[in-house]
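J.: Show me the folded form of this:
(one chain, ligands or ions: 1)
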Amino acid sequence: MLNKPDELLNEARASIDRSATEADIEAVRIGFLGKKGRLTAILRSMGDLNPDERKELGLRANRVRDEIEALIGEKKRAITAALRAERFSSEKLDVTEPGKGVSLGSRHPITRTIDEICRIFANMGYSVTEGPEAETVFNNFDALNAAPNHPSRDLTDTFYITEDILLRTQTSPVQVRTLRSTQPPIKVISPGRCFRADTPDATHSPMFHQVEGLLVDEGVTMADLKGALDAFAKRMFGNDVTTKFRPHFFPFTEPSAEMDMSCFVCRGKGCRVCKGSGWIEILGCGMVHPNVLRVGGADAERYTGFAFGIGVERIAMLKHGIEDIRLFYENDIRFIGQFA
Ligand SMILES: [Zn+2]
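T.: Predicted coordinates for the structure are as follows:
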């Protein structure tokens, strides 16, 4: 009986040696030292012994308990260390390994072109303003002096949302908004999306972009208009381009003109880009019609001004030699990635 604790110690040592996981070692602890464990069972069976033997057995049992606890603690630390070592080796980080390439996006060619146009005019002192894409019929047509029967008002040309609201067909309504909210002098450009019920082809898209310009002040003349737009053409396409103005008609300007610039590809000799003429049409412009100034609340006796509208897609197509407008909206990464 007195040897039983030592026999138990040998058994416990063997079980602890065999333990490989934290669960194994916990099972050993419960089996030997728990409330219903084997060491407790030995102490409970002491009733038959005399007091000296009981004392001796108690001492031995306590010593064995201490030893088993120490062995269990040691084994637990060993298991934890082994686990940690295994994790470290499996999660090893090779800092010398070459990095994975990060693919950076880039701005869309239309966005880049708008930014470039805006930067050129900002350098000439224009500030940038914006208007809504869903616009009133009044701002898009009436306030811009469009005759009640003007063909562009037609349902087949314009996307109407209600009888009074449409998707703007041009950025020109921003002129009206600016005139109504600001007193001259005014010097703004306004980039944005426009919508027309066009069937898509190589040069037409039902959604496209314009940059509108408006300058109103005392004593503004057609010479100021020509100077500003000639400077724009040179900064956009090169200092050697020249410009000329052809009479045209827009309801909201009088006189109205279209500006052509000398072909920057063939320098006027005639090529595919300029269709052999040596000239490329790049924008529409004119002196703001007095009716537009009046509707906008400006004193048409005191102030004059000019306005222009630049087709962003057209500028981008010319600048980058793109022959189909639809390429801008297909979002083929091979196409738009070329402009990064
Ligand atoms: Zn040419």
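J.: what about the closest residue to residue 21 other than its chain neighbours, neighbour count?
T.: Nearest residue to residue 21, sequence neighbours excluded (CB to CB, 6 or more residues apart in numbering): residue 79, at 6.5 Å. All C-beta atoms are positioned from the backbone trio N, CA, C, and that covers glycine. Applying other CB atoms under 10 Å, we find 17 residues neighbouring residue 79.
J.: Enumerate every residue touching residue 79.
T.: Counting by CB atoms under 8 Å, 6 or more residues apart in numbering, residue 79 makes contact with 19-22, 25.
J.: how does it look with 7 Å?
T.: Going by CB atoms under 7 Å, 6 or more residues apart in numbering, residue 79 touches 21-22, 25.
J.: Just give me how far the helix or strand hosting residue 63 sits from the chain centre.
T.: With secondary structure defined by DSSP states H and E, residue 63 is part of helix 51-90. Chain-centre distance of helix 51-90: 61 Å, with CA atoms, centre = their mean, to the nearest Å.
J.: Do me a favour and average the pLDDT over it.
T.: Mean pLDDT, helix 51-90: 88.
J.: Which residue does the stretch 1-150 of the chain have closest to the ion?
T.: Across the stretch 1-150 of the chain, the shortest distance to the ion (CB to the ion) belongs to residue 113, at 20.1 Å.
J.: Surely that residue touches residue 312?
T.: Yes: using CB atoms under 7 Å, residue 113 is in contact with residue 312, at 5.3 Å.
J.: Who has more neighbours out of these two?
T.: Set residue 113 next to residue 312 and count neighbours by other CB under 10 Å: residue 113 wins out with 27 against 24.
J.: Please identify the buried residues of the one helix or strand in the chain whose mean pLDDT sits lowest?
T.: Every helix and strand of the chain was ranked by mean pLDDT, DSSP states H and E. The lowest is helix 38-44, at a mean of 84. For helix 38-44, the neighbour count (16 or more other CB atoms under 10 Å) marks 39, 42 as buried.
J.: in the protein, which spans are strands?
T.: 127-128, 134-136, 165-167, 186-195, 207-217, 243-250, 253-262, 279-288, 304-311 (DSSP state E).
J.: Turn the ones you listed into JSON lines, including mean neighbour count and mean pLDDT.
T.: Supplementary listing: the strands of the chain in JSON lines, determined by neighbours: other CB atoms under 10 Å; pLDDT from 0 to 100:
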{"stretch": "strand 127-128", "mean neighbour count": "13", "mean pLDDT": "96"}
{"stretch": "strand 134-136", "mean neighbour count": "19", "mean pLDDT": "96"}
{"stretch": "strand 165-167", "mean neighbour count": "19", "mean pLDDT": "95"}
{"stretch": "strand 186-195", "mean neighbour count": "21", "mean pLDDT": "96"}
{"stretch": "strand 207-217", "mean neighbour count": "23", "mean pLDDT": "96"}
{"stretch": "strand 243-250", "mean neighbour count": "15", "mean pLDDT": "95"}
{"stretch": "strand 253-262", "mean neighbour count": "20", "mean pLDDT": "94"}
{"stretch": "strand 279-288", "mean neighbour count": "21", "mean pLDDT": "94"}
{"stretch": "strand 304-311", "mean neighbour count": "23", "mean pLDDT": "96"}
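J.: I am finished for the moment; much appreciated.
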